[in-house]
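1. how does the following fold in three dimensions:
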Amino acid sequence: MAERIPPELQKQIIRLQQIQDQLNKLLVEKSVVENELREVNRVLEVVTSLQPDAILYRGVSNLLIRTQKSDIEKELNERKELLELKVKSYQKQEAILRKQLEDAQKLVNESIAKYYPEARKQQGA
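-> Predicted coordinates for the structure are as follows:
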């Protein structure tokens, strides 16, 4: 007959899983923003290399609208700044979640050692 997991340990494991899920979700979101930032940087590089009087068009819905190079550069630089702030925010959140994950893992391991000392002995063998 299987032994029941103590409620305290169950709560700790659930918390560990929640933190891992949060971290995974954050990493996906961070990756999307980083990809968009790379794309903005590439486009900005191309636009800045163009002549000042270059004719540019912006897609708006199903239309192409003629736009000034300076307007496009300004817009891209603003978007770049916003994306860089988002990446920094995600990096800070990631560091916090990784620390929480590490602490939760340590707590689970300590509880396992407390409730199942024979498992620790078997691992050492």
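
2. and the helices in the protein?
-> Assigned helices in the chain, in chain order: 7-48, 69-115, 117-124 (criterion: DSSP state H).

3. check contacts around Arg66.
-> Contact criterion C-beta atoms under 8 Å, 6 or more residues apart in numbering gives 55-57 as the residues in contact with Arg66. Where C-beta positions appear, they are placed from N, C-alpha and C, glycine not excepted.

4. any chance of TSV for the helices of the chain, columns mean pLDDT and distance to Ser61?
-> Rendered in TSV, the data for the helices of the chain read as follows (pLDDT from 0 to 100; distance: least, C-beta to C-beta, whole Å):
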stretch	mean pLDDT	distance to Ser61
helix 7-48	97	19
helix 69-115	96	17
helix 117-124	65	61
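
5. can you redo the ones you listed as JSON lines with distance to Leu63?
-> Written out in JSON lines, the entries for the helices of the chain read as follows (distance: least, C-beta to C-beta, whole Å):
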{"stretch": "helix 7-48", "distance to Leu63": "19"}
{"stretch": "helix 69-115", "distance to Leu63": "16"}
{"stretch": "helix 117-124", "distance to Leu63": "66"}
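
6. quick check on the contacts of Arg66: which are buried?
-> Leu56 (16 or more other C-beta atoms under 10 Å).

7. nearest to Glu78 among the contacts of Arg66?
-> Top of the list for closeness to Glu78, among those and by C-beta to C-beta, is Leu56 at 16.4 Å.

8. great, nothing more from me.
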